[in-house]
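Engineer: Based on what follows, work out the 3D shape:
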Amino acid sequence: MAKTENSIMIVFGASGDLTQRKLIPAVHSLGCEGLLPDRFNVIGVSRSKISDKGFRVRLFSGVQDYSRSDPKICNLWKGFETKIEYLQGEYDQEETYDELKKKSRNWRRTSRLDQMLFFTSLFLPKCIRSY
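Structural biologist: Just a heads-up that it's a prediction; the model follows:
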């Protein structure tokens, strides 16, 4: 199977338990197994007020507790965490999607984007119209 070169995963509801316990530990394990693109970036979107660093710390805690690939053995996290950004915003506000476009454009400008993945536990019709 051909490996996709560049992807952005956008996670809505990113400050929630599902992202910390399931999604990011699974993505981390895929990376440790060499199954992620070289340029794989994550943008987390949520209403919670968290800094990029605070978001990364929370996700790493989930990786330590729930990933099938031990971060002490797989040295992926140090490089992977630099590819994670957080965006605080309301889901029904156009400004949130404008800022999301800016963040995703920054990565799209630096490399040809092969895939944009969305993960959400929310119904977000606005997101579909914005992209």
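Engineer: what sits against the residue most central in space within the chain?
Structural biologist: Nearest to the mean C-alpha position of the chain, by CA atoms, centre = their mean, lies residue 42 at 2.5 Å. Applying CB atoms under 8 Å, 6 or more residues apart in numbering to residue 42 gives the contacts 8-11, 24, 27, 83-85. To be clear about C-beta, it is placed using only N, CA and C from the backbone, and glycine gets the same treatment.
Engineer: what's near enough to touch residue 63?
Structural biologist: Counting by CB under 8 Å, 6+ apart, residue 63 makes contact with 24-25, 28, 71, 77.
Engineer: quick one: which of these is nearest residue 103?
Structural biologist: Each of the contacts of residue 63 was scored against residue 103 by CB to CB, and residue 24 proved nearest at 17.6 Å.
Engineer: quick check, residue 24 in a helix?
Structural biologist: Yes: residue state for residue 24 (DSSP: H, G, I helix; E, B strand; the rest coil) corresponds to a helix.
Engineer: my read: it touches residue 62, true?
Structural biologist: Yes: judged on CB atoms under 8 Å, residue 24 makes contact with residue 62 at a distance of 5.7 Å.
Engineer: list residues touching both of these two?
Structural biologist: When CB under 8 Å, 6+ apart defines a contact, no residue borders residue 24 and residue 62 alike.
Engineer: got any ranges where this protein has weak pLDDT?
Structural biologist: The model of the chain has pLDDT under 70 over residues 1-5, 107-131.
Engineer: Where is the longest helix in it?
Structural biologist: helix 94-110 (DSSP state H).
Engineer: What is that helix packed up against?
Structural biologist: The contact analysis (3 or more CB pairs under 8 Å, 6 or more residues apart in numbering; DSSP states H and E) places helix 94-110 against strand 6-12, strand 39-46, strand 84-88, helix 125-130.
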